[in-house]
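predicted model and sequence below, questions to follow.
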Amino acid sequence: MPAEIAVTGLGLVTPAGHTPEENWAALCRGDSLAARDPELTGLPVDFSCQVTGFDPVAELGRPLARRADRFIQFALVAARRAVVDAELGAVGDGGLGERVGVVLGVGSNSLSSYVTEFGHLGANRPERVSPLALPRSVPSMAAGEVAIDLGARGPNFTTASACASGTTALGVARDLLRSGTCDLVLAGGSESARSRMTATCFTRMRALSRRREEPELASRPFDARRDGFVLGEGAAVLVLERLTDARARRARVLAVLRGYAAGADAHHPVAPHPHGEGAARAITAALHDADCRPADVGHVNAHGTGTPLNDAAEAAALTRVFGDGVPPVTAAKGVIGHALGASGAIQAAYTVLALRHGLVPPVANFQGQDGDHKLDIVAGRPRPTALGAGLSCSFGFGGQNAVLLFTAG
């Protein structure tokens, strides 16, 4: 029988706060954190959900903060806090060791650094290009810097499956533990895509909400008046280990990762399958992997971007799997925006928190649904749940579908 995988630590840096407690409080309030973004001033879409109060020098020291781009800084802080939360003790001179891996999902990293350095080339000043330009901005350096910082000398991977990257990272980590390759894995995702180039690209694709006059109402997953997503940023790192090992060291088990599945729509570069076929297959496969019935699921943490096509396809997928009995649905992007490659890892952490508290947080700005598939959207205030299983869904460009199923610890 495959080994059961425990979640024993959480680290979060998001627009909702820098600790699990701050994030949970913001989720339960259910208010969007979208606001004007100085980085995007003058663009057609000039607002986002930003991580505030983050001082990389205070957190990491000047040398490390200087050599790391913002998405790497987030990953470092989240990983450090996850290790503390897992009560692994002080990381000594030898670090975490050879049996500890790091797997982080990154969807796009920060284009700001590239744009700055390309600007020097455009001005015919190659001597001004920083020698740190590549090592501080390539996606693999989030996992690399975490391993260096914590002395984790096991397998070190970066997953890139668009907005499913963080979820995929947790699935890969699960497999490393089940295979016996690692004894512990720091897994999650990190992203800081609040660049002018990223915002402009998504605006040109008509993917972003254009509610400039009321940005706090812009992110509204599954609502009939949704018109696109809001850019976010942040990181989440989860400490995963075999349940038997966690119990042997008397660790606090926050949740158990019971199921994981991934697949592809093979349909379109950016649009989901309109009937949610690929997403439904991934959900069904995750349930099968967990040996779990649809009726056992107490809530769904939906991908829920707030784009017309994505939410309609996800609603269709959930209806395909659950029929008339779709569990209560929440979607964190209403509060924190869309952190792209990190969003699945952040959702996973939020699913763990929901199971710990026995509550499903509300969806921000939700007033009513459209379309043929009516879901039980949690709105207004948190809703108690008696069932100890939570589904976390992630879908991305290229038809990437990845789903996790957690049960209470």
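Thanks, I have it.

beyond the lowest-mean-pLDDT helix or strand in the chain, next helix or strand please.
None of the helices or strands of the chain scores lower by mean pLDDT, DSSP states H and E than helix 111-122, at a mean of 80. Once helix 111-122 ends, the next helix or strand along the chain (criterion: DSSP states H and E) is helix 141-150.

which stretches in the stretch 51-200 of the chain count as strands?
100-105, 156-159, 184-192 (DSSP state E, counting those that start in this stretch).

closest one to L27 among these?
strand 184-192 (17.4 Å; Cβ to Cβ). C-betas here are computed from N, CA, C, even on glycine.

hey, where'd the helices end up in this structure?
20-29, 56-60, 62-67, 70-85, 111-122, 141-150, 165-178, 196-204, 243-248, 277-289, 308-322, 333-336, 343-357 (DSSP state H).

just the ones you listed: most buried one?
helix 333-336 (a mean of 30; mean count of other Cβ atoms under 10 Å).

give me the mean pLDDT for that helix.
Helix 333-336 comes out with an average pLDDT of 98.

quick one: contacts of that helix?
Residues outside helix 333-336 that contact it (Cβ atoms under 8 Å, 6 or more residues apart in numbering): 14-16, 26-27, 29-33, 49, 219-221, 229-230, 232, 234, 303-306, 343, 346, 361, 363-366.

re earlier: go through the helices of the chain and find the least confident stretch.
helix 111-122 (a mean of 80).

just checking, what packs against that helix?
Counting contacts by 3 or more Cβ pairs under 8 Å, 6 or more residues apart in numbering; DSSP states H and E, helix 111-122 is packed against helix 196-204.

only the buried subset of the contacts of helix 333-336, as a PyMOL command please.
To isolate the buried subset of those in PyMOL, counting by 16 or more other Cβ atoms under 10 Å, use the following:
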select buried, resi 14+15+16+26+27+30+32+33+49+219+220+221+229+230+232+234+303+304+305+306+343+346+361+363+364+365+366
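
now the least confident helix or strand of the chain - C-alpha only, PDB.
Taking Å, rounded to 0.1, in the frame of the first residue of the first chain, the C-alpha atoms of helix 111-122 are listed here in PDB:
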ATOM      1  CA  LEU A 111       9.700  39.800 -16.000                       C
ATOM      2  CA  SER A 112      10.700  43.100 -14.300                       C
ATOM      3  CA  SER A 113      14.400  42.100 -14.100                       C
ATOM      4  CA  TYR A 114      14.500  41.000 -17.700                       C
ATOM      5  CA  VAL A 115      12.900  44.200 -18.900                       C
ATOM      6  CA  THR A 116      15.400  46.300 -16.900                       C
ATOM      7  CA  GLU A 117      18.400  44.400 -18.300                       C
ATOM      8  CA  PHE A 118      17.000  44.400 -21.900                       C
ATOM      9  CA  GLY A 119      16.700  48.200 -21.500                       C
ATOM     10  CA  HIS A 120      20.400  48.500 -21.000                       C
ATOM     11  CA  LEU A 121      21.000  46.500 -24.200                       C
ATOM     12  CA  GLY A 122      18.500  48.700 -26.000                       C
END
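
just to revisit the earlier point, pipe the helices of the chain into a markdown table and attach distance to T385 per row.
Listed next are the helices of the chain as a markdown table, based on distance: least, Cβ to Cβ, whole Å:
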| stretch | distance to T385 |
| --- | --- |
| helix 20-29 | 13 |
| helix 56-60 | 35 |
| helix 62-67 | 40 |
| helix 70-85 | 23 |
| helix 111-122 | 39 |
| helix 141-150 | 33 |
| helix 165-178 | 21 |
| helix 196-204 | 33 |
| helix 243-248 | 22 |
| helix 277-289 | 17 |
| helix 308-322 | 15 |
| helix 333-336 | 18 |
| helix 343-357 | 7 |
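
one step back: could you tell me the angle between the least confident helix or strand of the chain and strand 184-192?
Relative orientation of helix 111-122 and strand 184-192, computed by axes from the mean of the first three to the mean of the last three Cα atoms, to 10 degrees: 60 degrees.

ok and helix 111-122 relative to helix 196-204, angle-wise?
110 degrees.

what sits up against helix 111-122?
39, 69-70, 126, 128-130, 133, 136-137, 193, 195-198.

mind listing what the residue nearest the centre of the chain touches?
For the chain, the residue nearest the mean C-alpha position is S343 (2.3 Å; Cα atoms, centre = their mean). S343 makes contact with C163, G166, G189, E191, G232, H303, K333, S394, according to Cβ under 8 Å, 6+ apart.

please repeat the previous calculation with a cut-off of 6 Å.
C163 (Cβ atoms under 6 Å, 6 or more residues apart in numbering).

now swap in W24 and tell me
L353.

what about it, distance to L353?
5 Å (Cβ to Cβ, to the nearest Å).

same question, D183
25 Å.

try P2
Distance from P2 to L353, by Cβ to Cβ: 25 Å.

again with G61
Distance, G61 to L353, by Cβ to Cβ: 30 Å.

need phi/psi at S130.
The phi/psi pair for S130 (degrees, to the nearest 10) reads phi -70, psi 140.

any idea how many residues pack against it?
When neighbours are counted by other Cβ atoms under 10 Å, S130 registers 14.

and for the one 10 residues further on?
Number of residues near S140 (other Cβ under 10 Å) recorded here: 15.

likewise R36?
13.

nearest spatial neighbour of it, chain-adjacent residues omitted?
Residue nearest to R36 in three dimensions, not counting chain neighbours: F47, with 5.3 Å by Cβ to Cβ, 6 or more residues apart in numbering.
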